[in-house]
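# Build me a structure from this.
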Amino acid sequence: MAENQPFSLRQSSISRQELVELVRSQLEALLQQGNFPGAKALLVPVQPADIAEAIEGLPKAMQAIAFRLLSKQEAIEVYEYLDPSVQQSLITELRDQEVLDIVDKMSPDDRVRLFDELPAKVVRQLLQQLSPSEREATSLLLGYKVGTAGRIMTTEYLAVKEDLTVSQTIERVRVLANTSEIIYYLYVTDRERRLTGIVSFRDLVIASSEQRLSEIMTRDVIFVHTDTDQEEVAQIIQRYDLVAVPVVDTENRLVGIVTVDDVLDIVEQEATEDIYALGGVEAGDDNYFQKNIFTAARKRVVWLFVLLLANTGTTAVISAQENVLEQVVALAAFIPLLIDAGGNVGAQSSTVVIRGLNLKTVGIKKALQVITKETLTGVLLGVMLGIAVIFWAYFLEGSLPIALTVGISLMAIAILAAVSGSGLPFLFGALGLDPALMSAPFITSVVDVLGVFIYLTLARTILQL
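Presented below is the predicted three-dimensional model:
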């Protein structure tokens, strides 16, 4: 492939990520040369999501130039895929009318996400310049609590009255189809806009033209309320394989829909928060790798201080049993092995339980059953690991009492870790706290303290010190 030759995605056999990087590098080279027609031609066959990623990888000074090469419709589509930090940067670089044209054509839910990242003064200015219908839709979403269905829903949907005939409905769809984010379903309401049913386009096409919607609609509608947590919305869409779910207010009036593409964003966001919590890192909405070192350190230092405080318990236990270690110095060599093994078992148990809680495959009612299963698993793991460690310790030290002390301690620690790792997330959940806060590092610290105590207590008993 020539260095600056435009290409088609359909003709390429390389991976998507490689293709995006190729587009980015060629786009940067063309912009440096001032070859704007070539750069514009390069982007023609590329999908909006890939264009957005390629622009994000450009030097900041080139991002606005590359964005201006897109047609108006392409620019609107690409803008919605850009990272919020790049969106903000472009707002300051583009002319007021360019910004207004893009923001006004964005879907309301995407526009709200952008406004969440912008300074309040800029948001007020943009709201004042939006068209009346878009300003009303955006203001509606901004009035709901962050993280709820009302905040992530879109007001671009098709709703019809239940007393319309099929022919009247089809004619209305022809008029309003361009204003809806999805046209797979029609939401049916009564005269007070209360949600009464749903009609698929399949049902609409095969029905008689004179039939009323009230005769063919499905009345058993799955819906959520405006204050429903966004994670629960995602689970409902996933469970029932929905393309979208309608959102109603306290009086059951239809006010919006949440679509499956919004749910994918939610799933990624919630999974990221849980992973950060499991690693003892303060979660955030922006890209962690774009932060400066001081911000990155701030998001990690809080948990590290908590864990540091917890780990002082291990030091206190060792200091209290110092005479045991002085009499049998070899015992100290196995402390890292024992606490690391216990931490690993605890982390595994907590991970599977937290995952089950998030997916709603287990709940508080099944806590005893899950903890029992994990405890038995811990017993089995402890026996297997303990036997292996007995042979290893005997090989290293040549002392059966020391080997038995290490092996039995590992068995006890594995059981303790399994119980702690599976039980503590349920405890946090029952207290109304996020189970993910019982992160792997925190459980490891707890197991470390108790594990060392068990080990040195058993050593004193078995070795008769």
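
# Break this protein into its domains for me.
The chain breaks down by automatic domain parsing into domains covering 9-143, 159-269, 288-462.

# How far off centre is the second one?
Here the centre of mass of C-alpha atoms in domain 159-269, compared against the chain's by CA atoms, centre = their mean, to the nearest Å, lies 26 Å away.

# Please, where are all the strands along the stretch 351-465 of the chain?
For the stretch 351-465 of the chain, no strands are identified by DSSP state E, counting those that start in this stretch.

# cool, and the chain?
Applying DSSP state E to the chain gives strands spanning 159-161, 185-189, 195-200, 224-225, 244-248, 254-259.

# List the residues that contact the closest residue to residue 311 other than its chain neighbours.
Among residues not flanking residue 311 along the chain, residue 445 sits closest, at 5.4 Å (CB to CB, 6 or more residues apart in numbering). C-beta coordinates here come from the backbone N, C-alpha and C atoms, glycine included. Contacts of residue 445 were listed using CB atoms under 8 Å, 6 or more residues apart in numbering, and they are 307, 310, 311, 313, 314.

# neighbouring contacts of stretch 392-409?
Here stretch 392-409 makes contact (CB under 8 Å, 6+ apart) with 328, 330-331, 333-334, 337-338, 386-387, 389-391, 451, 454-455, 458-459, 462-463.

# Report the separation between residue 52 and residue 91.
As judged by CB to CB, to the nearest Å, residue 52 and residue 91 stand 15 Å apart.

# er, residue 114 I mean
9 Å.

# go on, residue 146?
As judged by CB to CB, residue 146 and residue 91 stand 21 Å apart.

# the more surrounded of those two?
Legend: neighbour count by other CB atoms under 10 Å for residue 146 and residue 91, higher for residue 91 (20 against 12).

# dump the residue contacts of the more buried one.
99, 118, 122.

# Most neighbours among those residues, please name it.
When neighbours are taken as other CB under 10 Å, the top entry among the contacts of residue 91 is residue 99 (19 neighbours).

# per-residue pLDDT, it?
Reading off the confidence values, residue 99 has pLDDT 73.

# Now do the contacts for the closest residue to residue 161 other than its chain neighbours.
Spatial nearest neighbour of residue 161, excluding adjacent residues (CB to CB, 6+ apart): residue 189 at 6.3 Å. Each residue near residue 189 by CB under 8 Å, 6+ apart is listed here: 159, 160, 161, 162, 195, 196, 253, 254.

# surely the first one meets residue 194?
No: counting by CB atoms under 8 Å, residue 159 does not reach residue 194; the two are 10.8 Å apart.

# what do these two both touch?
residue 254.

# Buried subset of the contacts of residue 445 as a PyMOL selection?
To isolate the buried members of the contacts of residue 445 in PyMOL, using 16 or more other CB atoms under 10 Å:
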select buried, resi 307+310+311+313+314
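
# what about residue 109, how many residues close to it?
There are 25 residues near residue 109, going by other CB under 10 Å.

# Please renumber the chain so that the first residue is 24 from this point on.
Let's use 24 as the start, then, which means that last one is residue 132.

# Roughly how far does it sit from residue 88?
Remark: distance between residue 132 and residue 88 (CB to CB) = 29 Å.

# CSV for the domains of the chain, including distance to residue 174?
Below are the domains of the chain laid out as CSV (distance: least, CB to CB, whole Å):
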stretch, distance to residue 174
domain 32-166, 6
domain 182-292, 7
domain 311-485, 19
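
# nearest to residue 173, of these?
Each of those has some distance to residue 173 by CB to CB; the shortest is domain 182-292, at 3.4 Å.

# Quick one: end-to-end distance for the closest one.
Counting by CA to CA, to the nearest Å, you get 30 Å between the two ends of domain 182-292.

# and if you look at stretch 159-177?
Start-to-end span of stretch 159-177 (CA to CA) is 12 Å.

# Touching that stretch from outside, list them.
So stretch 159-177 is contacted by 130-132, 134-135, 138-139, 150, 153, 178-179, 204, 247-253, 256, 270, 278-282, 285, 289 (CB under 8 Å, 6+ apart).

# what do you get for stretch 240-247?
With CB under 8 Å, 6+ apart, stretch 240-247 has contacts from 172, 185, 211, 218-223, 226, 255-256, 259, 263, 265, 268-271, 281.

# So the spatially closest residue to residue 401 that is not a sequence neighbour versus residue 370, what's the distance?
Take residue 401 and drop its neighbours on the chain: the residue closest to it by CB to CB, 6+ apart is residue 441, 2.6 Å away. Separation of residue 441 from residue 370 (CB to CB): 11 Å.

# Neighbour count: these two, which is higher?
A count of neighbours by other CB under 10 Å puts residue 441 above the other of residue 441 and residue 370, at 28 against 20.

# who touches that one in this structure?
Counting by CB under 8 Å, 6+ apart, residue 441 touches 368, 369, 372, 397, 398, 400, 401, 402, 404.

# please redo it, this time with the cut-off set to 6 Å
Shown in contact with residue 441 (CB atoms under 6 Å, 6 or more residues apart in numbering): 368, 372, 397, 398, 401.

# Adding neighbour count, distance to residue 71 and pLDDT, write the contacts of residue 212 out as TSV.
Below are the contacts of residue 212 laid out as TSV (neighbours: other CB atoms under 10 Å; distance: CB to CB, whole Å; pLDDT from 0 to 100):
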residue	neighbour count	distance to residue 71	pLDDT
182	17	28	89
183	19	31	90
184	17	35	91
185	18	37	90
218	21	32	94
219	19	37	94
276	14	34	90
277	21	30	92
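
# what's the neighbour count on residue 317?
Neighbours around residue 317, by other CB under 10 Å: 8.

# ok, now which ones touch it?
For residue 317, no contacting residues are found, by CB under 6 Å, 6+ apart.

# Would you mind measuring from it to residue 324?
On the measure of CB to CB, residue 317 and residue 324 end up 10 Å apart.
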